[in-house]
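**Q** sequence unavailable; structure follows:
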């Protein structure tokens, strides 16, 4: 009786082990796909010199796993949603491709320095702190996109709004 139970247990264990090899790798598209996750805060003080910052976190998937460059080539692009000006780009570290099922996923967090308040239609230059309105505020949001080694661009994502305090 014990021998039969042992054989049945061994057969079940072998069957479960075979299921392990039947698991399919994730089926992601070859171009990267990103999704906004969070901001570290929703309020910053303006500054020309980046004395304040916000951390933006987003998730990614890439079907062929070719993210990051070995040289200094940029791979994360950020655009100020107020005026469509590009912020300095960022670089994803090189990610080595892994075997036949190269699909990868993960999260990326980047620290973006503060920016200037913009006063459209007023003639006041950006970052002007001489205006006599201590409660002056602006709101900024960013568009983000990434690029893989094959040159495929991801979808664009938008952050939540960030309030900029223009003058303390």
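**A** Looks like it came in fine. Just so it is clear, the model here is predicted, and its values are computed rather than measured.

**Q** what score does the residue positioned nearest the centre of the chain have for pLDDT?
**A** To find the centre residue of the chain, average its C-alpha atoms and take the closest one (Cα atoms, centre = their mean): that gives residue 58, at 3.3 Å. Residue 58 carries a pLDDT score of 98 in this model.

**Q** ok, it - contacts?
**A** 34-37, 107-108, 144, 157 (Cβ atoms under 8 Å, 6 or more residues apart in numbering). Where you see a C-beta, it was placed from the backbone N, CA and C, and this is true even at glycine.

**Q** again, but for residue 88
**A** residue 78.

**Q** from residue 82, how far out is the residue nearest to residue 73 when sequence neighbours are not counted?
**A** In space, not counting the residues next to it along the chain, residue 73 is nearest to residue 91; the distance is 7.1 Å by Cβ to Cβ, 6 or more residues apart in numbering. Taken as Cβ to Cβ, to the nearest Å, the spacing of residue 91 relative to residue 82 amounts to 25 Å.

**Q** neighbour-wise, which of the two wins?
**A** With neighbours defined as other Cβ atoms under 10 Å, residue 91 and residue 82 compare such that residue 82 has more, 17 against 14.

**Q** tell me the secondary structure for that one?
**A** Per DSSP: H, G, I helix; E, B strand; the rest coil, the secondary structure class of residue 82 is coil.

**Q** poorly predicted segments of this structure, please.
**A** Low-confidence segments of the chain, defined by pLDDT under 70, are located at 1-26, 50, 99-101, 132-135, 168.

**Q** what do you get if the cut-off is 90, keeping everything else the same?
**A** Segments of the chain classed as low confidence (criterion: pLDDT under 90) are 1-30, 46-51, 63-65, 71-72, 95-103, 116-137, 166-168.

**Q** strands along that one, start to end?
**A** Along the chain, counting by DSSP state E, strands occupy 33-39, 43-45, 53-62, 76-80, 104-113, 137-140, 142-146, 157-158, 162-165.

**Q** the residue nearest to residue 73 reaches residue 70, doesn't it?
**A** No. Applying Cβ atoms under 8 Å, one finds residue 91 not in contact with residue 70, separated by 10.6 Å.
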